[in-house]
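A.B. asks: Would you be able to build a 3D model of this:
(chains A and B)
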Amino acid sequence: MRLFSPKPRLEEFEAAALPHLADLYRTATRLLGDSGRADDVVQEAFLVAWKNFDRFEAGTNCRAWLFRILFHCAHHYRRKWLNPREVAGAGEVIDQFPAADAAPSAQLTDQEVLRALDAIPRDYRAVVLLVDVEEFSYKDAAGILEVPIGTVMSRLSRGRRLLREQLAVLAQSYGLGRTNREGMSA
Amino acid sequence: MSHPTFDSACEQTRQHLDAYIDRELPAEAGTRILRHLETCPDCAADAEARGTLKSRVHGAVRAVVPPPELAALVRRRVAREQERRWWQPDRTAAPRWAMAAAFTLVAGAGLWFATRPRPLPSLDDRPAQGAFIRTISAGLAGVLQPGLADHVHCAVFRRYPRNGPSAAEMLAQLGAYRDLLGAVSAAVPKTWHVVMAHQCSYQGRHYVHVILHDGGRLVSLVVTRRQEGESFAAMTPALTVGGVGIYTAEAGGFRIAGFESGSYLAFVVSDLDPARNLEAASWLLKDVSRVLSQNL
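C.D. replies: Coordinates of the predicted model:
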């Protein structure tokens, strides 16, 4: 019979979780569109992870577990602090843009790529972040987002297409690259 | 030369192109796609475009780095939660032990309340920052308080970015203490990076301050002229290096290691573990004292 709960494994938690801090911060920044909000949500995510660390099984995927918590925290943060229109996201958009099969222009800067990424609906952006940036498998991404793998695949395909369209429009506005039609072989 | 028609093979390939790029296809299906790409320039161009997009997004997002103090903030919040949780009695404990636990809790509550880590005030709330520093310094020996105050005021609240000013700018800001920058950089491990070095003031007191970053931990070297009545004489040194005592304490989740150098007090303040913070002070003591002896 124990008088107190088992001593928490603080050092073990720090060793397992803190190496993923930068990954979580980057994702939170892109999900919330603001580094200050990302600060808050990442801290909250680590706190939730620590409170539940007893349930985390050593040897399983700590990074995926942390990302799952991060997405929960980001969802609650948006509901609590952001206005409903912002929470709703951009919805189905951008079909007015031309299809884009060309590669993004090398002349576009990282900031412009980020701006295009931030402009696509959040559900698609989340999958692109998990698969393209954080290099999670479809299965892990599905587990993190709590959706079927098929949904991950369709959101990824749609998200990448929207992103290419955004970048094509941006490149055209700068007079860079080719339009879709010019990019297609005859 | 392009492929003559956008046939079913192309359609099937494009359907699976994302999964192919992400290496999510079974080997056999992947080989089929690869063979098609070798013979179809249109699909190959599409695959290349998708791959380029993936790598551009990857590079652009990963270029974003967290602020250096974020890891320290996370550690503080977790430590605060750990302290709170450690004192919670287990629900399965026997009632008599629960009574003993409750008694212990009440007895320890005052001590815990006085020493618990406090939440950091917001960055733009200067009065709250001042109150925070006064509160966490309250139980600290007076001679150590200047080091903690400047570290929290300047390094913790200001959130200097990891890629701070150039060495030339920092040397200019250090002025007569410019040799400190080289001395500190040479004394600490290679993984530690100087994010700011300057002269600053807090509550009317002048400081020379070098801020370092090590994998998310903030470490300050704080130097200030010793004022009347300030002395470590009443304390017992945790370590003596070359006959100079290093005196340590902890407050508000921060570790402080201080030593005297001529007419100066020098402090290493951080959220490192206590032994590491003391070790850092021992690395710096000799060279910092040498530089300060040139500025008597």
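A.B. asks: Which residue is the nearest non-sequential neighbour of B:P274?
C.D. replies: Of all residues not flanking B:P274 in the chain, B:R255 sits nearest, at 5.1 Å (C-beta to C-beta, 6 or more residues apart in numbering or on different chains). C-beta coordinates here come from the backbone N, C-alpha and C atoms, glycine included.
A.B. asks: Show me what the helix or strand hosting that neighbour is packed against.
C.D. replies: Element membership of B:R255, judged by DSSP states H and E, is strand B:254-261. Packing partners of strand B:254-261 (3 or more C-beta pairs under 8 Å, 6 or more residues apart in numbering or on different chains; DSSP states H and E): helix B:145-150, strand B:244-251, strand B:264-270, helix B:274-293.
A.B. asks: which residues touch the first one?
C.D. replies: Contacts with helix B:145-150, where a contact means C-beta atoms under 8 Å, 6 or more residues apart in numbering or on different chains, come from B:133, B:136-137, B:140, B:200, B:202-203, B:205, B:207, B:209, B:220, B:222, B:224, B:251-252, B:254, B:256, B:258, B:265-269.
A.B. asks: Any idea how far the next helix or strand after that helix is from the middle of the chain?
C.D. replies: Later in the chain than helix B:145-150, the nearest helix or strand by DSSP H and E is helix B:157-158. Its chain's C-alpha centre and that of helix B:157-158 lie 12 Å apart, by C-alpha atoms, centre = their mean, to the nearest Å.
A.B. asks: Helix B:157-158 close to chain A?
C.D. replies: No - using C-beta under 8 Å from any C-beta of the partner chain, we find that helix B:157-158 stays clear of chain A, coming within 13.5 Å at best.
A.B. asks: Got a PyMOL select line for the buried ones in the contacts of helix B:145-150?
C.D. replies: Buried residues within the contacts of helix B:145-150, by 16 or more other C-beta atoms under 10 Å in any protein chain shown, are selected in PyMOL with:
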select buried, chain B and resi 133+136+137+140+200+202+207+209+220+222+224+251+252+254+256+258+265+266+267+268+269
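A.B. asks: can you tell if the helix or strand containing B:H206 touches chain A?
C.D. replies: In the assignment (DSSP H and E), B:H206 maps to strand B:205-214. No - against chain A, strand B:205-214 shows no contacts by C-beta under 8 Å from any C-beta, the least distance being 12.6 Å.
A.B. asks: tell me the mean pLDDT for the helix or strand just after that strand?
C.D. replies: Downstream of strand B:205-214, the next assigned helix or strand under DSSP H and E is strand B:217-225. Averaged across strand B:217-225, the pLDDT comes to 93.
A.B. asks: Over to stretch A:9-21?
C.D. replies: On average, stretch A:9-21 scores 88.
A.B. asks: mind listing what's buried in it?
C.D. replies: Those would be A:R9, A:L10, A:F13, A:E14, A:A16, A:A17, A:L18, A:H20, A:L21, for stretch A:9-21 by 16+ other C-beta under 10 Å.
A.B. asks: Is any residue of the helix or strand hosting B:G30 near chain A?
C.D. replies: Assigning secondary structure by DSSP H and E places B:G30 in helix B:27-39. No - contact of helix B:27-39 with chain A (C-beta under 8 Å from any C-beta) is absent, the minimum separation being 13.7 Å.
A.B. asks: Now tell me what touches that helix from outside.
C.D. replies: Residues outside helix B:27-39 that contact it (C-beta under 8 Å, 6+ apart) are B:H3, B:A9, B:C10, B:T13, B:H16, B:L17, B:Y20, B:R23, B:L25, B:C43, B:A44, B:A47.
A.B. asks: Would you mind measuring from B:C10 to chain A?
C.D. replies: 12 Å (C-beta to the nearest C-beta, to the nearest Å).
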